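# need a structure here:
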Amino acid sequence: MEARLSGIDRNEALRYMGFRGSTVPDALCTDLERCKSLLLQTARPRVLWRLFDLLPDGTLAGTDYRPSGQDIRDHLCGCDQVVLMAATLGTEAEALIRRAQKRDMADAVILDAAGSAAIENVCDNLCADLAETLSPRRLTDRFSPGYGDLPLSDQETIFRILELERRIGVSLTAGGLMIPQKSVTAFIGVADEPPEQRRRGCESCAHFHDCAFRKERKSCDR
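Here you go, the predicted model:
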């Protein structure tokens with residue numbers, strides 16, 4: 001399945017920069033549009049997904065992996081299959097942001113925020129494509145390590161099962177950080193009946209565990 005970066009939502013990028021309904025300076029809007037265009041030209045997104053039968057004890061069939069925590073079990077309740085997915089903007093986007101950090105920190109901040117909005121777009125497009133591919137079956141929304149009580153340590157097993165470094169060039173540091181950083185892994189439940197969707201909010205965001213708003217006990221109001 002082809003990765004699609006179809007756009008970078010301006011308001012989404014501004015939220016990642018800390019703007020929530022406040023007036024945005026014209027100069028920043030101009031810089032944001034320039035950085036968005038540069039990122040769209042540079043990013044080489046890649047995606048990967050596998051469909052597993054979900055055994056009664058919560059193990060992914062054909063593996064020894066049973067996702068940790070009650071929250072993911074609740075999320076997959078009523079599902080008999082699960083998609084394990086990964087997406088990344090690629091090393092090219094990572095290098096673009098790193099170069100900006102050495103040259104112009106203002107651009108680096110904007111590019112980082114635009115990158116966060118961009119990987120959300122890639123994930124949303126993948127989910128839309130999966131919904132079409134797996135129709136008439138129904139899908140839950142995404143649930144990533146770091147949400148609820150699903151620990152980031154589960155990333156090691158996810159990386160092993162999906163062979164992410166070999167297949168799409170995403171590696172995992174000893175501390176659990178994904179490189180390139182604009183990368184996401186997630187579970188999506190599959191069922192015959194429409195699954196109950198989780199309430200949208202912080203716990204449904206791909207940046208739940210590294211969100212600047214949450215560090216300040218705030219919300220971006222998504």
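
# can we go C-alpha only for contacts and neighbour counts from here?
Noted.

# how far off centre is the helix or strand hosting Lys36?
Using DSSP states H and E, Lys36 falls within helix 26-42. For helix 26-42, the separation from the chain centroid amounts to 21 Å (computed by Cα atoms, centre = their mean, to the nearest Å).

# now stretch 46-57
16 Å.

# quick one on the thing from earlier: check which residues of the helix holding Lys36 are buried.
Using 16 or more other Cα atoms under 10 Å as the test for burial, helix 26-42 gives 32, 35-36, 39-40, 42.

# next one: stretch 179-197
179-191, 195.

# list of residues touching that stretch?
Residues from elsewhere that reach stretch 179-197 (Cα atoms under 8 Å, 6 or more residues apart in numbering): 75-76, 78-91, 94, 115-116, 119, 123, 136-145, 170-173, 206.

# in strands only, show me the residues you listed.
Counting by DSSP state E, the part of the contacts of stretch 179-197 found in strands is 81-88, 138-139, 171-172.

# closest to Gln70 out of the residues you listed?
Within the ones in strands among the contacts of stretch 179-197, the smallest distance to Gln70 is 15.9 Å, found for Val82 (Cα to Cα).

# still on that earlier bit, after the helix holding Lys36 comes which helix or strand?
Counting by DSSP H and E, what follows helix 26-42 is strand 46-53.

# low-confidence regions, the chain specifically.
21, 194-222 (pLDDT under 70).

# what's the single longest helix in this structure?
helix 105-134 (DSSP state H).

# show me what counts as buried in that one.
By 16+ other Cα under 10 Å, the buried positions in helix 105-134 come out as 107-127, 129-131.

# do stretch 41-57 as well
If you call a residue buried by 16+ other Cα under 10 Å, then stretch 41-57 has these buried ones: 42-49, 51-54.

# again, but for stretch 160-173
Buried residues in stretch 160-173 (16+ other Cα under 10 Å): 162, 164, 168, 170-172.

# need the residues you listed in JSON lines (columns: distance to Thr63).
Converted to JSON lines, these look like this (distance: Cα to Cα, whole Å):
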{"residue": "Leu162", "distance to Thr63": "11"}
{"residue": "Leu164", "distance to Thr63": "16"}
{"residue": "Ile168", "distance to Thr63": "20"}
{"residue": "Val170", "distance to Thr63": "21"}
{"residue": "Ser171", "distance to Thr63": "21"}
{"residue": "Leu172", "distance to Thr63": "20"}
